[in-house]
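Peer 1: Coordinates for the following, if possible.
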Amino acid sequence: MAYWVKILYERREYVVNFERVHAFCYEVNGRVTFWLPDSAIPIVINPQNNLEDYQKILDYLECVTRLELDHAHWVKIFYDKNEYVINLNCISSFCHEPNGRITFWLPDGIIPIIINPASNPESYEKVVQYVHKTTGYSLS
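Peer 2: Below is the predicted model of the structure:
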């Protein structure tokens with residue numbers, strides 16, 4: 001089921017199927033960034049300039065993180081002072097390093113997410129469990 005939303009950004013109107021957006025980033029200053037499907041183009045929504053569209057994003061994220069959907073596995077990960085909400089089903093590779101860190105790259109973008117078991121234990125465990133459950137492989 002598609003979840004289409006009309007977003008105004010930089011004097012342009014975008015109609016986006018949020019079910020095809022696989023990662024959102026809450027920044028410390030309150031902005032929310034997401035990347036358009038099938039591209040690396042970021043859309044940055046600021047609540048001070050665009051409260052209506054900002055609320056649409058928050059409503060969608062509330063819905064997907066609350067529900068366990070068959071085709072999605074949404075997790076919140078804190079990285080680089082920001083909170084990312086990511087559908088792990090859309091991640092195509094994970095890299096486990098000798099020091100224990102796990103790196104993966106956001107879909108439709110070039111941003112790496114690096115999580116450490118010491119500094120981010122809850123998110124780290126969610127990713128480890130997801131990889132094991134989905135692939136049968138252990139990251140250790």
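
Peer 1: Strands of this structure, start to end?
Peer 2: All strands of the chain, identified by DSSP state E, fall at 4-9, 12-17, 23-26, 32-35, 42-45, 74-79, 82-87, 94-96, 102-105, 112-115.

Peer 1: what is residue 115 paired to in the beta sheet?
Peer 2: residue 102 (DSSP bridges).

Peer 1: Tell me who's in contact with it.
Peer 2: 77, 79, 101-102, 123-124, 127 (C-beta atoms under 8 Å, 6 or more residues apart in numbering). C-betas here are computed from N, CA, C, even on glycine.

Peer 1: do the same with residue 111
Peer 2: Per C-beta under 8 Å, 6+ apart, neighbours of residue 111: residue 105.

Peer 1: burial count for residue 84?
Peer 2: 19 (other C-beta atoms under 10 Å).

Peer 1: actually residue 135, sorry about that
Peer 2: By other C-beta under 10 Å, the residues close to residue 135 number 10.

Peer 1: The residue nearest to residue 106 when sequence neighbours are not counted and residue 136: what is the separation?
Peer 2: Spatial nearest neighbour of residue 106, excluding adjacent residues (C-beta to C-beta, 6 or more residues apart in numbering): residue 23 at 4.6 Å. Per C-beta to C-beta, to the nearest Å, residue 23 is found 24 Å from residue 136.

Peer 1: For the two, work out which one has more neighbours and name it.
Peer 2: Neighbour count, other C-beta under 10 Å: between residue 23 and residue 136, residue 23 has more, with 22 against 7.

Peer 1: Any idea what the more buried one is bridged to?
Peer 2: Beta-bridge pairing for residue 23 (DSSP bridges): residue 86.

Peer 1: Touching, it and residue 88? I think so.
Peer 2: No. Checked against C-beta atoms under 8 Å, the pair residue 23 and residue 88 is beyond contact range at 9.9 Å.
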